[in-house]
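Peer 1: structure for this input, please:
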Amino acid sequence: MSNPARPDLKAFRELETLVRNLGEELAAFRKRALAAEARLKAIATKGGGAGGGTAAEERVTHLEEENRRLQSRLDDASERTRKMLERVRFLRQQHAGEAK
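Peer 2: Numbers count the residues shown, from 1 in each chain. Okay, here's the model as predicted:
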């Protein structure tokens, strides 16, 4: 005979459910960790041997160089835009002065 009013039985069932859910969650995390380790190992060995990261390093170097070039172009464009804005302000001031 089980008494549903007993708080210890209710607490035990809740604990049992929590432990089961925690176990399922832990299994999912383990599966994800194993998959991530396998991907990492595949990336490390992709280039062959100890130089597996060489292609990635070259790609990073290329992207950093491209980033520097783009930043330079952006700085130049910003400077040209600032100068153009100064000209427009000057022309507006001249036009406003002539209209009076």
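Peer 1: mean confidence score for whichever strand or helix holds Glu57?
Peer 2: Element membership of Glu57, judged by DSSP states H and E, is helix 54-99. Computed over helix 54-99, the mean pLDDT rounds to 91.
Peer 1: residue ranges of each domain in this protein, please.
Peer 2: Following automatic domain parsing, one gets these domains for the chain: 1-46, 53-100.
Peer 1: mind giving me JSON lines with those domains and columns for mean neighbour count?
Peer 2: For the C-beta atoms, the positions are set from N, CA and C on the backbone; glycine is no exception. Putting these into JSON lines (neighbours: other CB atoms under 10 Å) gives the following:
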{"stretch": "domain 1-46", "mean neighbour count": "10"}
{"stretch": "domain 53-100", "mean neighbour count": "10"}
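Peer 1: and the helix holding Glu57, how far out from the chain's middle?
Peer 2: From the chain centre to the centre of helix 54-99 is a distance of 26 Å (CA atoms, centre = their mean, to the nearest Å).
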